[in-house]
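Peer 1: What follows is a predicted structure for the sequence shown.
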Amino acid sequence: MDEIIGLFPTPFLRVPAALDRGLVNGLVEHFTSLALRDNNSSAQLSHTAMLRPGDSPLLVETAMRVTPKLVDFGALMFGERLGWSVKEMWVNVLETGGRQAMHNHANSFISGVLYLTPTHPDAQTVFMKSPGGTDFAFKNDHARMTPGPFSADKWVSPAPQPGDLVLFPSYLMHAVPPNPGERRISLAFNAIPTRLDSWGYTIAFSG
């Protein structure tokens, strides 16, 4: 019996309704007006300064909801249930026509997005292979080919609802296509483990 085995898959965790409606509304009301920093990807994209959970009771509550999921996801990545802390958080406000260029997140191990408003189907987060990957230099890429998990360059994340959470390794490239819908608000964050141990060579991290 033939068997296809996906070698070294990349984990991606989706948590529906990670935040309740009251907390989602509170985050939108409190932080939307603080998203004053421009983003060089688009004139229609702005974000808050980098925040820490201690900056607001709303962020403390958000971090408390997220942390158990970080522990679960971290066990998939590192094979051990470690302590985790949210290092930084920020709110993104994407107006109609705005976009976010392809990027990843430095100086962290798990990154996440909490969706705070409805998302237009054309502006769902897109994840993609690194441009400097190990694929063949010549591709089979035309209208008749069918992309799949072993041939596609991009993957569109599932349609989110307000309060939904996604977690992914911080090195994973991602972007947001041009938003043809109404204002799209999300809260992004980066997280680090308390420590990593490589056969006695141990590094401790502080948030």
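Peer 2: Happy to help now that I have it.
Peer 1: In contact with D20, which residues are there?
Peer 2: D20 makes contact with G163, according to C-beta atoms under 8 Å, 6 or more residues apart in numbering. In short, each C-beta sits where N, CA and C put it, glycine included.
Peer 1: ok, now how distant is it from G26?
Peer 2: Between D20 and G26 the distance is 10 Å, computed by C-beta to C-beta, to the nearest Å.
Peer 1: the residue most distant from the middle of the protein, which is it?
Peer 2: M1 (37.9 Å; C-alpha atoms, centre = their mean).
Peer 1: So which residue is dead centre in this protein?
Peer 2: Short answer for the chain (C-alpha atoms, centre = their mean): G112, at 3.5 Å.
Peer 1: That residue pairs with what?
Peer 2: G112 forms beta bridges with L167, F189, as assigned by DSSP bridges.
Peer 1: Hmm, W155 is touching F127, no?
Peer 2: Yes. Taking C-beta atoms under 8 Å as the definition, W155 is a contact partner of F127 at 4.9 Å.
Peer 1: give me every residue that touches the residue nearest to the centre of the chain.
Peer 2: V66, L70, L165, V166, L167, F168, A188, F189, N190, A191 are the contacts of G112 under C-beta under 8 Å, 6+ apart.
Peer 1: did I read that right, the first one in a helix?
Peer 2: Yes. For V66, which was evaluated using DSSP: H, G, I helix; E, B strand; the rest coil, the result is membership in a helix.
Peer 1: Quickly note the distance from it to K87.
Peer 2: 12 Å.
Peer 1: For the protein, name the helix or strand with the lowest mean pLDDT.
Peer 2: Ranking every helix and strand in the chain by mean pLDDT, DSSP states H and E puts strand 37-39 at the bottom, with a mean of 89.
Peer 1: what pairs with it, and is each one parallel or antiparallel?
Peer 2: When DSSP bridges is applied, strand 37-39 pairs with strand 42-47 (antiparallel).
Peer 1: List the buried residues for the partner strand?
Peer 2: S42, Q44, L45, S46, H47 (16 or more other C-beta atoms under 10 Å).
Peer 1: Quick check, pLDDT for the third one.
Peer 2: pLDDT for L45: 96.
Peer 1: list the contacts for it?
Peer 2: L45 neighbours (C-beta under 8 Å, 6+ apart): D38, N39, N92, V93, L94, E95, G98, R99, Q100.
Peer 1: again, only this time at 6 Å
Peer 2: Contacts here follow C-beta atoms under 6 Å, 6 or more residues apart in numbering; on that basis L45 touches N39, L94, G98.
Peer 1: for the residues you listed, which one is nearest P118?
Peer 2: When these are ranked by distance to P118 (C-beta to C-beta), L94 comes first, at 12.1 Å.
Peer 1: What residues are bridge-paired with the closest one?
Peer 2: Residues in beta-bridge contact with L94 (DSSP bridges): L45, R184.
Peer 1: tell me the contacts of it?
Peer 2: With contact set as C-beta under 6 Å, 6+ apart, L94 has these partners: L45, N179, R184.
Peer 1: I'd like the distance between it and L172.
Peer 2: In terms of C-beta to C-beta, L94 sits 20 Å off from L172.
Peer 1: K154 now?
Peer 2: Distance from K154 to L172, by C-beta to C-beta: 12 Å.
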